[in-house]
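Asks: Starting from these lines, generate the structure:
(4 chains)
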Amino acid sequence: MESNHPLTFADQVRAMPGGEHLDLCYSCGTCVSKCMIQQKLEPEYNPRRLLRMVMMDMREEAFNSPTTWLCSACDLCYPACPQQIHISDVIEAVKNLAVEAGYSTPLETVEVDEARCSGCAICVMTCPYEAPHLIEKEVNGVMDRFSEVDAENCMGCGMCVAACPMGAIARPGVSNAEISSQIDIKTQNSSPSLVVFICDWCLRVDADLEILESYPDNVRVIHIPCSGRIDPQMALIALNSGIDGVLVCGCAPGECHYQRGNYVSSCKLSLLDKMLGQMDLANGQVRFVQLGTQDRGRIRHEIDGMLVQLLQEAS
Amino acid sequence: MADKPKLAFYWASSCGGCEITITELGMRLIDVGDLVDIVFWPAAMDFKYADVEALKDKEIDICFYNGAIRNSENEAIAHLLRRKSKILIAFGSCSHLGGIPGLANLFDIETLLERVFDTAPSLDDSRGTRPQLKNEMPEGEIEIPELYNRVKTLAQTVEVDYFMPGCPPVVDQVWSVFQTILAGQLPEKGSVIGAQNKTNCDVCTRKKGSSGMRIKEFKRPHEVELDPEMCFLTQGVVCLGPATRAGCGLPCINGNMPCRGCYGPPDGVVDQGTKLVSAIASLVDTDDPQVLGQILEGVVDPVGLSYRFGLAASILSDLKYGK
Amino acid sequence: MSDSPKKEELRIGVYICHCGSNIAGVIPPAEVAEWASHLPGVVRATDTLYACADSGQSLIKEDIKKYNLNRVVVSACSVRMHETTFRGAVSEAGLNPFLMEMANIREQCTWAHGHDKEGALQKAKDLTAAAVAKAQFLAPLEFITVPVTKKAMVIGGGVAGISAALDLADQGIETILVEKEPTIGGVMAQLNKTFPTMDCSI
Amino acid sequence: MVDAARHPKITVKTYTNVERVEGYVGNFKVQLREKARFVRADRCNGCGECASACPIEVPNYFEMNLAPRKAAYVAMSQSVPLLYTIDQDACIHCYKCVDACGALDAIDFSQEDKVEWEDVGSIVVATGFNHFDPSVMPEYGYSRYPNVITAMEMERLNNSAGPTTGNLMRPSDGQNPKRVAIINCVGSRDKRFNPWCSNFCCMYAIKNAILLKQMYPDIELSIYYMDIRTPSKGYEEFYDRAREMGIHFIQGRPGLITENELTHNLFVHSEDVSLGKVMEREYDMVMLNQAAVPQPDVDTVSSVLNISQSPGGWFMEYHPKLRPVDSPTDGIFLAGACQGQKDIPASVSSGLACASRAGRILHSDEWQIEPIIAQVWEDRCVSADGKQCGLCAKACPYGAITVEKGTAAQVVTAKCHGCGGCVAECPHNAITQMHYTDAQVLAQIRALLAEKPEEKIFAFRCHWCSYGGADLAGTSHFDYSANERGIRVMCSARMDSDFIYEAFRLGAGAVLYSGCHPQDCHYITGQRVGATRADRLMRTLDKLGMSPGRFRIEWISAAEGDKYARVINEMQQTINEIGKEKLSQEIEGMKAELEKRARRMYEAPRVTEASDYSDEMALAMSVLEVKEVKDGK
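Replies: Residues are numbered from 1 along each chain as shown, chains lettered A, B, ... in the order given. Here you go, the predicted model:
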C-alpha cells in the first residue's frame, strides 16, 4: 500500500538493495558476536544496535555511530544471521545516506602522491571497495592522469599500497618504510630468526595474541592491517638481511576482513615461492598460513613448526 | 673544458646493441666527432688496453661502459676505466641492471658449461671438454678470462656516476645525453639520465582498467588477439609498463606488444620484479582457493617475466650468492 | 436417479452476510441483496449481520416456511467454514440440505480485494449469481450411510499415541497400537524428568 | 506405558510398519508388516541371557549412540513389551544366543516378516517428531568438539538408566563438568534451517538446568537465549525457580564456539545483548538445545495415508483453529507432535482429543458420507451396446467402477470417494457426479463470464488444495486481482476439458487449471489424471494459437496462499501485456475451433436446458447493470 507520508529514514534504508528485510531483525546479537570490530577496534561498535536505530528512525545517532563507518563488509555476520538479513548492505546504505548528509569517515584512509602517481589504475582495479578512481587533471599546462581516493569508501586496508608499483599511495602508519624499518632482528644465540607478518583480524581470541607476544626476540612480530598489505619485496629484504624465515598469517578463505586480502597475499607469496624455486632457493623459508575464526591456539603450532623446520634447515 | 673532452666507450658482457645505438646517431656522429676526442672505442676504433693504461688518471672525461661484469676481463677493465675517467656512465640495461646476461644467475656455472659443451642439441659427440684458462699454443701460451659464478652489474663492481637505462638506450635519448654532457648540465651524481622519473603508464595512451576489473586468466601475448586501444592488464596479458621507467617512447607498446621492463624501475623503487609481482597478484580475480592455483599456472616463468633485465641487480641474486 | 427435472417452480432465497465488517467493511451487502433479488427464480433476497449466528440461521429457517423456498443461496464465508452449519439449518426447516449452495464472498472476495472495492463488489455479485445459477440445477440428495468397523488403529507408540489408545480402549473400542521400534515409549521414554513438575517420564 | 500394554482392549504391535492403507472413514483396510524379531513372543521372558552371550556390539539408538547394545537387544530395561529382538544387520549368525536361551528355546531364526490386513474404522496418526542434527552448523562445532553435546545426549547422560547411570561426565575426559552452558534455539527460529520456534526447548533448558543444579549444587550454569518462552500454567514460576537457584540467563545468541585443543574446554562467543558487549566465557561442557523437526520418513507416511503436509513437513490439519486434530481425510486424526511441535501436555491433550474425535465415528453404527459419488447413465454407456471402453474404470483411483462388455459400467457406491475423474474422462458424458453435474458447473461458468469475460481470469480449483490456498490468500490478506472468478470442484480430475473450452469459447481472458501437488492429492492418483489432461489441453490450445500464459497449470496446496495470489496477479499481468484488441482478436479467431470442441458438452442431459437458462441469467444480469445506470444508483 503506498503511503503518502514522506519517506522516513527507515524507508530510505529499506529501499536500498539488501535493506528489504531490515524489520525481521529480532536483536539476537549473533552478528555482534561474529564480528571482531568491537573486540579489536572500537568498543562502541554494534551492528545490532545500528539496525535498531534505523528501525526507530534515529537518523542522527545512526550517522554518528562508529558502526556506520567501520564496517568493511567482510560478511562474517551475514551467513550466521538466523533471519538472513544482509547486515553489511544495510550499514552501507546508512553510510551512503550519512555521506550525502555531509558526514565523513573517522578512519585513517590512504592518500595519493601525485608527484609519483603514473595513473596505471592498478590500485583502481585492486581495491575491493572501489575507493580509488582515475581523474584527468591539468598540471602546468599539460593534461595528466592520476588516481584519486574517495575517503568515504576507503577502509584503510593497504592492499593498494602493496599493489602500487610506484609506491605512490600510502596510509600513515603502514607505509612501506615504516614496515620495512621493523624488519631487523639481532640474534645472539643459535636459535633461528623469524619475522611474522600478521594481519590484525586473523587471531580471533585475545589468548592467541598473548601467545604471539610470548616469543623471545628471535621472533619479530610485525602487525599489518591485512595480509594483502604484504609486498614480496619485504620478505626478500628480511631474508637478505640475514633473517632465517618469514611467516605471513592471513585469514581463512572467505573470512578476510577486507574481502579479498587473503587471496591477494596468497597469490603474491605463491608467485614469490615459484621465483625462489627457479633460483633454487626454495626451502620453505617463506610460508603463508590462513587462520580461521575457530583455529584457537593454532598460531603456536605454526610458529613453533616453522622454527623447528628452520632449525633443521640450518643444521 | 679547455680542449675537446675525451670520450671512451667500452663493450663488456653484452650483445653490442648499445654500440650500434651510438652509430645510429648517423650524420650527427660526425658533429660529435668534431666536438670530442674519442680515445678508446674497441668496437669501432683500434685502441689497445695499453693505450688506456698510458693515459693519466682521470684523463678521460666521460666513459660509456656498456655490458655486465661476467668474467675477469670485464672486471679488470671496469676498474681500469674507473681509474682513468672522471665520469663513468653505466650505459644500457646490461651494465645498469645486468640485462639479458644477468639471467645466467638462475643457474650455476657447472650447469651452464654442461649445457654448452655437453648437452646442447647442436653437439654430435661431447667428450666433456671444458675451456682451460691457460692453453699452450704453437704461437705461445694464451689466456682466456675466468668466468665468474655470478653476473654483476657495473655498480656492483665499481662506483658509477650515472646510469643510462635501455636495451638499447633509444638513440634520441643518447643524443640528448650527449648534448647535456657537452653543455655540462649533468645532474648530481648517481642519478639516472636519458629517461623520465615516472613509469610508462604515465605516457601510455591506452585505456586503463576500471574498478573491479580483474584478471581471470593470464594469457601470453601470442595466445590472445590484443586490442590496441586497451591496457594489456585488462586483457589478462602481463605488461611491465607499470613497473618500468618511462623514456623509451614506447616502441613495444605502440607495436602492440606488452612492455618487458628494459628501462628498469622508476625513481624510488629498488626491486622492479617483486613490485610487478605484487601488482599483478593483486589483480587476480577469484575467491576460490583451488581456482587461484590454476590462474597462477598462467604465469609460467615469473623470474624471466619480471626480472628479464634486472635479475643481476635484484635481491634474488644477492640472496643466492650472498652480498 | 433424481436428476431429471420436474418443472417445479423455482423459489430461491438469497442471503448476503455482513460477517460483521469482514464483508460489509468492503462491499455494501444490502446493495448485493437488492441486485440479486432481480435474478430469475429469486423470490427472497436480503442481507444479514451474521448468517452463521443463531439469528441468521433462524431468519433462513423462517423464510423457508414463509416464502415456501425450495432453494437457498448463502453468500458468506468459505465452504470449508460453515457449509455443515447452513446444511443443518436448512434441513431443520425441512429442506433437503443439498438444495443449499454457498458463495465465498469473504476469504475469496472482500478479504483478498480490500484494495479494489469496486472490483470486489462486482465479483461478489457475480459469485452470488453463479451460486443462484447452480442452485437452479441442485437436486435433493440423501447422505450415504456406511457401516463402521468398531476398531481403531493408532500409528506411533509415543506419549500421544499411548494416550489416544488408552482413551479409545477405555471407551470400549478395540485398539491396535502400531509402533515401528521394538518398544513403545517414543521420545518420552528417553527423557529423565519432565517439566514443569519434574516427575518421571516412564 | 505398561498399562497400555496390559489393557485388554489394546493389542500392541511393535517392530511393525504400516505399508498400505485403503478404504474410507469407518471402513479402512490397513496392511501391517510385523518384521521378524527371530524371538518367539510367547516364550521369551526377557531374562537377557541371549544378550549377555551375544558377541556383537553396535551403537544403541535409544542411548543416542552413547552406549552400545548387543545384536540381541532390548532398547531399554523398561521396554514394553519386554521382548528381545535380534537385529538382522548386526547379527553374524553365531547362534550363541540360541545355546544361552537353552530350554526356553525362545529364539527362532526361521521367523519371517508377518504381513496382515486389519479392518479399522478410524486411524490416529501419532508418529512424533525428530531432533535437528546440529552438525550442519559448523560454528557450534558439534561432532568436532567432543564436549559439545545435544539436548538428547544430555538427557541420556544424566539419566540413571543411561550409559553413565546418571553421572554427568564430559565426553573428553570423563570428569564432572563444573561450568555448563546451554544454548537455545539451535536450528530453531533460523531461516537457514527451521524457521519455526520449537515450542518446548526454553522450558526444556530450564528443566535440565534445575536438574543439574540439584544433582551438582556447586555447578555453574548459563543459558544463552534470545527470548525465554514460558506460555503455560506453572511455566513462568518454573523459570523464576531456576533464577533463584543461581542459574545465569544470558540474552544473546552465540555466534561461535572455539575449543582449547589441550583441555577441550569450550569458549562461547556471544554478545550480552543487555550490556551490548561482546564476551567470551569458558565452559567445560556445552549443551545445544536442538530444534524439533518432522520425522525423516514423513513423505512415505503421508503418501501411504494420503494426508498432505504443511510447509516444513508437519502433517496438515483440516483447519488450524476449528478442527486442529482432524486430517483433511475423514476418519484419520493427527495426534501429538507429528502435526506440529508440541510439549508433552499438549501432545497428551491432542492424543486424548483424537480419541474423542475417533470415538465420534466408532460409537455410531453407521457413518454418513457426502453423497457426491458418480452415477452411470446406462442408456448412454457404449459398453452396454458391446463396445470396448472402460475409460472411466481406468481413471478411478479406488477401482470403484467395474465394466464388462455388453453391460453398462457399474459404480460400487461404497468404494467411490467422489473425485469426479470418471465423469470428466467419459467421452460420451455417460456418467455424472451428484452435486457437481456438468449442468451445474456449466451454469456457474456462464454466470461468472456473463460480464466482460475478456477481462476475467477464470480459475478452476480443487476443494482440498487450491480452493484452500485461495482461502488462505484471503485470510492472510494477500491482495490479488479482483478480475479473478473461480469455481470449486472436488478434484482437478473433475475438470473436464469441455469446461476449459467452454470458458475460452465464452471469451475468458485467461484460465487457471489448479489442484493439489502430486503427493498431496486427497484421491491418491486423481491429480495425475487431471495433470495429464491439462498437459494435453495445453498442447491443443498452443496449436490453436493461443498466446502463452492465457492457459496456465499450477499446483497449489492449501498452505500456499501467497503462491495463489502471485499466480493470479501474474495472469492479470499477462492479460494486460497482451492488450485488449489482440485479446479480442484472438478470442474471435478461436471461436469457431472452440465451438467445435465445446459442442460435445451440449449433448449431455439438461446441459441444453442449462444454456437457455444461463442466457436468461446473462440477459438479466446485463439488464440489471443497464437499469442501475439508468436509475443513476
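Asks: my read: D:Met287 touches D:Val186, true?
Replies: No - assessed by CB atoms under 8 Å, D:Met287 is found out of contact with D:Val186, at 9.3 Å. All C-beta atoms are positioned from the backbone trio N, CA, C, and that covers glycine.
Asks: More neighbours: the two, which one.
Replies: Taking other CB atoms under 10 Å in any protein chain shown, D:Met287 and D:Val186 do not tie; D:Met287 has more neighbours (29 against 25).
Asks: Mind telling me what element that one is part of?
Replies: Per DSSP states H and E: D:Met287 is located in strand D:285-290.
Asks: same question, D:Glu116
Replies: In this structure, D:Glu116 sits in strand D:114-120 according to DSSP H and E.
Asks: send the alpha carbons of the following helix or strand past that strand over as CSV?
Replies: Using DSSP H and E, the helix or strand that follows strand D:114-120 in sequence is strand D:122-125. C-alpha atoms of strand D:122-125 as CSV (Å, rounded to 0.1, in the frame of the first residue of the first chain):
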residue,chain,number,x,y,z
SER,D,122,-10.6,-44.8,12.3
ILE,D,123,-6.8,-44.2,12.3
VAL,D,124,-4.9,-41.9,14.7
VAL,D,125,-1.5,-40.9,13.4
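Asks: Give me the contacts around strand D:122-125.
Replies: With contact meaning CB atoms under 8 Å, 6 or more residues apart in numbering or on different chains, strand D:122-125 is reached by C:152-156, C:161, C:164-165, C:168, D:21, D:25-26, D:28, D:30, D:301, D:305, D:307, D:315, D:327, D:331-335, D:338, D:351, D:354-355, D:358, D:361-362.
Asks: Type out the ChimeraX command that picks the buried ones from the residues you listed.
Replies: Only the buried entries of those go into this ChimeraX selection, using 16 or more other CB atoms under 10 Å in any protein chain shown:
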select /C:152,153,154,155,156,161,164,165,168 /D:21,25,26,28,30,301,305,307,315,327,331,332,333,334,335,338,351,354,355,358,361,362
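Asks: And the helices in chain A?
Replies: Ranges of helices in chain A, per DSSP state H, are A:9-15, A:30-34, A:37-40, A:47-55, A:59-64, A:66-70, A:87-100, A:122-126, A:159-163, A:176-181, A:206-213, A:232-240, A:261-278, A:298-314.
Asks: Those into JSON lines, with extra columns for distance to chain B and mean pLDDT?
Replies: Below are the helices of chain A laid out as JSON lines (distance: least, CB to the nearest CB, whole Å; pLDDT from 0 to 100):
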{"stretch": "helix A:9-15", "distance to chain B": "24", "mean pLDDT": "90"}
{"stretch": "helix A:30-34", "distance to chain B": "18", "mean pLDDT": "95"}
{"stretch": "helix A:37-40", "distance to chain B": "21", "mean pLDDT": "92"}
{"stretch": "helix A:47-55", "distance to chain B": "22", "mean pLDDT": "94"}
{"stretch": "helix A:59-64", "distance to chain B": "25", "mean pLDDT": "93"}
{"stretch": "helix A:66-70", "distance to chain B": "20", "mean pLDDT": "93"}
{"stretch": "helix A:87-100", "distance to chain B": "15", "mean pLDDT": "92"}
{"stretch": "helix A:122-126", "distance to chain B": "4", "mean pLDDT": "94"}
{"stretch": "helix A:159-163", "distance to chain B": "4", "mean pLDDT": "93"}
{"stretch": "helix A:176-181", "distance to chain B": "10", "mean pLDDT": "86"}
{"stretch": "helix A:206-213", "distance to chain B": "22", "mean pLDDT": "92"}
{"stretch": "helix A:232-240", "distance to chain B": "4", "mean pLDDT": "91"}
{"stretch": "helix A:261-278", "distance to chain B": "4", "mean pLDDT": "93"}
{"stretch": "helix A:298-314", "distance to chain B": "14", "mean pLDDT": "90"}
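Asks: what's the closest of those helices to chain C?
Replies: helix A:9-15 (19.8 Å; CB to the nearest CB).
Asks: And the closest one, what's buried?
Replies: Neighbour-count burial for helix A:9-15, counted by 16+ other CB under 10 Å, picks out A:Phe9, A:Ala10, A:Gln12, A:Val13, A:Arg14.
Asks: helices and strands around the helix ranked longest in chain C, which ones?
Replies: If you go by DSSP H, chain C has its longest helix at helix C:117-136. Where contact means 3 or more CB pairs under 8 Å, 6 or more residues apart in numbering or on different chains; DSSP states H and E, helix C:117-136 is packed against strand C:12-17, helix C:29-37, strand C:71-76, strand C:100-104, helix D:438-448, strand D:484-489, helix D:607-631.
Asks: wait, does the helix or strand that it is followed by contact chain D?
Replies: For helix C:117-136, the following helix or strand on the C-terminal side (DSSP H and E) is strand C:144-147. Yes - using CB under 8 Å from any CB of the partner chain, strand C:144-147 reaches chain D at C:Ile144, C:Thr145, C:Val146, C:Pro147.
Asks: what does the average pLDDT come to for stretch B:42-49?
Replies: Average pLDDT, stretch B:42-49: 86.
Asks: Quick check: the residue lying closest to D:Asn158 once chain neighbours are set aside vs D:Met203, distance?
Replies: Among residues not flanking D:Asn158 along the chain, D:Leu168 sits closest, at 4.8 Å (CB to CB, 6 or more residues apart in numbering or on different chains). D:Leu168 is 20 Å from D:Met203, where distance means CB to CB, to the nearest Å.
Asks: Quote the end-to-end distance of stretch C:146-155.
Replies: Stretch C:146-155 has its terminal residues 24 Å apart, counting by CA to CA, to the nearest Å.
Asks: Likewise for stretch D:164-180?
Replies: End to end - CA to CA - stretch D:164-180 spans 18 Å.
Asks: who touches it?
Replies: By CB under 8 Å, 6+ apart, the list of residues contacting stretch D:164-180 reads D:146-147, D:149, D:154, D:157-160, D:212, D:215-216, D:218-222, D:264, D:282-287.
Asks: Drop the exposed ones from the residues you listed and show what's left.
Replies: Buried residues within these, counting neighbours by 16+ other CB under 10 Å: D:147, D:149, D:154, D:157-159, D:212, D:216, D:219-222, D:264, D:283-287.
Asks: In strands, which of those fall?
Replies: Within the buried ones among the contacts of stretch D:164-180, membership in strands is found for D:Ile149, D:Glu220, D:Leu221, D:Ser222, D:Tyr283, D:Met285, D:Val286, D:Met287, as judged by DSSP state E.
Asks: What is the burial count for residue 271?
Replies: Went with chain A since none was named. Close neighbours of A:Leu271, defined as other CB under 10 Å, add up to 24.
Asks: Wait, chain B was what I had in mind.
Replies: B:Asp271 - counted by other CB under 10 Å - has 24 other residues nearby.
Asks: give the contact list for it.
Replies: For B:Asp271, the contact set (CB under 8 Å, 6+ apart) comprises A:Gln233, A:Leu236, B:Pro265, B:Gly310, B:Ser314, B:Ile315.
Asks: Quick check: phi and psi at the residue nearest to A:Pro253 when sequence neighbours are not counted.
Replies: Closest residue to A:Pro253 apart from its sequence neighbours, by CB to CB, 6+ apart: B:Pro289 at 5.0 Å. Backbone torsions for B:Pro289, taken as degrees, to the nearest 10, come to phi -50, psi -40.
Asks: Nice, that's everything, thank you.
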